[in-house]
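In: with the sequence up front, the predicted model follows.
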Amino acid sequence: MEKNKIIICPYEEVTMADIHKCLEMGFTTVEDIKRLTRVGMGPCQGRDCIHIVVDEISKFNHIKKSDIELMHIRPNLANIPLKALMEHKK
Amino acid sequence: MKKVMIIGAGISGLFAAFNLSKEKDLDITVIDKGYFLNGATGRNGAGIRMQWSSKLNCLLSKYSVEFFENGEEHLKYKDSIEFKQKGYLLLSNDEEEHQQFIKNIKLQNSLGIPSKLLTKDEVKKLVPIIDETKFYSAAFCHKDGHLNPFKVSEALFLACKENGVKFHFYEELEDVKIQTNKVSKVITSKATYEVDYLIGTAGSFTKELGVLMNIDIPVYPEKHEILATMPVSKMIEPMIMSFSKNFYIQQVPHGPLIMGEGGNHHSTHSQDSSIEFLESISSKVLNILPTLGDVKVQRQWAGSYDMSPDRNPIISKTKIENFIVACGFSGRGFMIAPATGVLIRDLLLNQESSIEGINLEDLSINRFEQRTNEVELSFV
């Protein structure tokens, strides 16, 4: 299958071709690839997609998956409405 | 070949490298202690504006907006840097702030920046979901807007590589060797380099870089927090901002709302997120945009402003002859980086500022000893 038809993140519209473009530019960490493609920035915050990125980094650079650092996990773990946060303040 | 080393691959370092890479006989290396865009460039609010209270900032930002308007062409970038000029809407809270707006607009207009006051009806037309009873008056500049920090940085990185610039990530500066008042060697976590010029564009970490050379660089890091919501349908076109209420909100092209507020004025390199920020920003935003209550927060993060004493940038030579610094941007390093890059080049080549109206003396680190610059008032 063509790399630009393999969807890694449907929300941020990131394809396998986007991931490989970063690897070919010389970026080899999850944090780099996240910023260049927005993978991991969507509603799942990386839970559904980052393992694929790790796989690709591992294959491209011949490094063990366990040696690849995952990305920093940002709050929030669930999506919270603004009004709930405002009311919590009161 | 003269060897140039740039410390920090954020937006200022990238624009410095880009401008210098067009000069002959310079061998340029950029090092960064972390991943690409780990610092303030990858954490900023992605806004670009020309509405400032000081002439210096107006001119630096006007030059930069004109660069970004043709950014893809300047950088030979095949993708888009996503410069969306839908304006900045600044809200005042009382008569005093309104009078300052009038003063600012007069200055901005005299420099060719098309800002103006808007009536409440005009504001309502521009942002239908705004509660017009919750602010006093409004200023607007339609040429201000949003720019994607990741895209423009990628474009710069590729253009620099094309011009022969070398980049080393995850490489940290450890020491410098000084000989006859010049930096001769740079020692990093990975190698030792001989250098002819050293350029410090490390944001608030530039202070620590100065310490290695016994130079007091008067900047400190101030933590600022931001959140991004889930993508929603188009609701807000301009960036909306209030200096006195200390917040801003914009909707980025692919849908999420981005909002943030200023920090506590104490020095910290912390980039931790807080629940207090979420509560505070939600209250401020829902006060003025009450229909956004059901929009969900997707992620939050923090980053550092590198604050200078007069809230104006330091782009300057130092007492170490071949060491140039660019820092102290006080929250606008991203917006004015095209100007920063050109001025760093001018300093390195020992020439006058090539930006009309800008005197390099006004950006010099020596200004803090000699006199006081006009303090910039318009920031969050």
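Out: That came through fine.

In: for the stretch 1-150 of chain B, which residues are neighbours of chain A?
Out: By the rule C-beta under 8 Å from any C-beta of the partner chain, the part of the stretch 1-150 of chain B lying against chain A is B:34-38, B:42, B:150. C-beta: built from backbone N, CA, C; applies to glycine.

In: quick check: longest helix of chain A.
Out: Criterion DSSP state H: the longest helix present in chain A is helix A:50-61.

In: helices or strands up against it?
Out: Counting contacts by 3 or more C-beta pairs under 8 Å, 6 or more residues apart in numbering or on different chains; DSSP states H and E, helix A:50-61 packs against helix A:16-25, helix A:30-37.

In: the same query, at a cut-off of 6 Å, please.
Out: Helix A:50-61 is packed against no helix or strand, with contacts defined by 3 or more C-beta pairs under 6 Å, 6 or more residues apart in numbering or on different chains; DSSP states H and E.

In: does any bit of the helix or strand following it sit next to chain B?
Out: Downstream of helix A:50-61, the first helix or strand assigned by DSSP states H and E is strand A:80-81. Yes. Interface with chain B: strand A:80-81 contributes A:80-81 (C-beta under 6 Å from any C-beta of the partner chain).

In: now strand A:80-81: mean pLDDT?
Out: The average pLDDT within strand A:80-81 is 94.

In: relative to it, what are the paired strands and their orientations?
Out: Strand pairing for strand A:80-81, determined by DSSP bridges: strand B:296-307 (antiparallel).

In: buried residues in the least confident helix or strand in chain B by mean pLDDT?
Out: Lowest by mean pLDDT, DSSP states H and E among the helices and strands of chain B is helix B:367-370, with a mean of 85. In terms of neighbour count (16 or more other C-beta atoms under 10 Å in any protein chain shown), helix B:367-370 has its buried residues at B:367-368.

In: find the nearest non-adjacent residue to the residue of chain A found nearest chain B, please.
Out: Nearest residue of chain A to chain B: A:K83, at 3.2 Å (C-beta to the nearest C-beta). Once flanking residues are discounted, A:K83 sits nearest to B:G293: 3.2 Å by C-beta to C-beta, 6 or more residues apart in numbering or on different chains.

In: ditto for B:S304
Out: Distances taken as C-beta to C-beta, 6+ apart place B:P221 nearest to B:S304, at 4.0 Å, with adjacent residues excluded.

In: chain center to the host helix or strand of that neighbour, what's the gap?
Out: Per DSSP H and E, B:P221 falls inside strand B:220-229. Taking C-alpha atoms, centre = their mean, to the nearest Å, the mean C-alpha location of strand B:220-229 is offset from the chain mean by 13 Å.

In: next structured bit after it?
Out: strand B:239-242.

In: that following strand pairs with which strands, parallel or anti?
Out: With DSSP bridges as the test, strand B:239-242 is paired with strand B:88-92 (parallel), strand B:247-251 (antiparallel).

In: which residues does the residue of the stretch 51-200 of chain B found nearest chain A contact?
Out: Going by C-beta to the nearest C-beta, chain A is nearest to B:F150 of the stretch 51-200 of chain B, at 5.3 Å. Contact analysis of B:F150 by C-beta atoms under 6 Å, 6 or more residues apart in numbering or on different chains lists A:R35.

In: and whichever residue of chain B sits closest to chain A, what are its phi and psi?
Out: Ranking the residues of chain B by distance to chain A (C-beta to the nearest C-beta) places B:G293 first, at 3.2 Å. When read as degrees, to the nearest 10, the backbone of B:G293 gives phi -60, psi -30.

In: over to B:S267?
Out: phi -80, psi 120.

In: name whatever forms a beta bridge with the nearest residue to it once chain neighbours are set aside.
Out: In space, and not counting its chain neighbours, B:S267 is closest to B:Y220: 4.0 Å by C-beta to C-beta, 6+ apart. Counting by DSSP bridges, B:Y220 is bridged to B:M307.

In: count the neighbours of B:Y220 for me.
Out: Per other C-beta atoms under 10 Å in any protein chain shown, the neighbour tally for B:Y220 reads 19.

In: B:P253 versus that one, what's the distance?
Out: 33 Å (C-beta to C-beta, to the nearest Å).

In: do B:G262 as well
Out: Relative to B:P253, and taking C-beta to C-beta, B:G262 is found at 25 Å.

In: tell me which of the two has more neighbours.
Out: The residue with more neighbours, out of B:G262 and B:P253, is B:G262; 17 against 13, by other C-beta under 10 Å.

In: residues contacting the more buried one?
Out: By C-beta under 6 Å, 6+ apart, the neighbours of B:G262 are B:246, B:380.

In: pop out the phi and psi values for it.
Out: When read as degrees, to the nearest 10, the backbone of B:G262 gives phi -70, psi 170.

In: and the closest residue to B:L347 other than its chain neighbours, helix, strand or coil?
Out: Spatially, and ignoring its direct neighbours in sequence, B:L347 is nearest to B:I324 (5.1 Å; C-beta to C-beta, 6+ apart). Secondary structure of B:I324, reduced to three states by DSSP: H, G, I helix; E, B strand; the rest coil: strand.

In: in this structure B:I324 contacts B:I199, no?
Out: Yes. Judged on C-beta atoms under 6 Å, B:I324 makes contact with B:I199 at a distance of 4.9 Å.

In: re earlier: distance of the residue of chain B closest to chain A from B:S53?
Out: 33 Å.

In: again, but for B:E23
Out: For B:E23, the distance to B:S53 - C-beta to C-beta - is 34 Å.

In: who's more crowded, these two?
Out: Neighbour count, other C-beta under 10 Å: between B:E23 and B:S53, B:S53 has more, with 20 against 14.

In: torsion angles phi and psi at the more buried one?
Out: phi -100, psi -10.

In: mind checking what secondary structure the nearest residue to it once chain neighbours are set aside has?
Out: Take B:S53 and drop its neighbours on the chain: the residue closest to it by C-beta to C-beta, 6+ apart is B:L377, 4.3 Å away. Following three-state DSSP, we place B:L377 in the coil state.

In: counting neighbours, what do you get for B:L377?
Out: Neighbours around B:L377, by other C-beta under 10 Å: 14.

In: tell me the pLDDT of A:K90.
Out: pLDDT, A:K90: 69.

In: to clarify, my last question referred to B:N373.
Out: 68.

In: ok, now the one 5 residues further on?
Out: According to the model's per-residue confidence, B:S378 sits at a pLDDT of 85.

In: go on, A:D48?
Out: So A:D48 comes in at 88 (pLDDT).

In: need the nearest residue in space to it, chain neighbours excluded.
Out: A:C9 is the one closest to A:D48 (C-beta to C-beta, 6+ apart), at 7.7 Å.

In: residues contacting that neighbour?
Out: By C-beta under 6 Å, 6+ apart, the contact list for A:C9 reads A:39, A:42, A:49.

In: separate out the buried members of these.
Out: Among the contacts of A:C9, those scoring as buried are A:39, A:42, A:49 (criterion: 16+ other C-beta under 10 Å).

In: JSON lines please, covering the residues you listed and showing distance to chain B.
Out: JSON lines is the format used below for these (distance: C-beta to the nearest C-beta, whole Å):
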{"residue": "A:V39", "distance to chain B": "12"}
{"residue": "A:G42", "distance to chain B": "8"}
{"residue": "A:C49", "distance to chain B": "14"}
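
In: nearest to B:L117 among those?
Out: A:G42 (39.2 Å; C-beta to C-beta).
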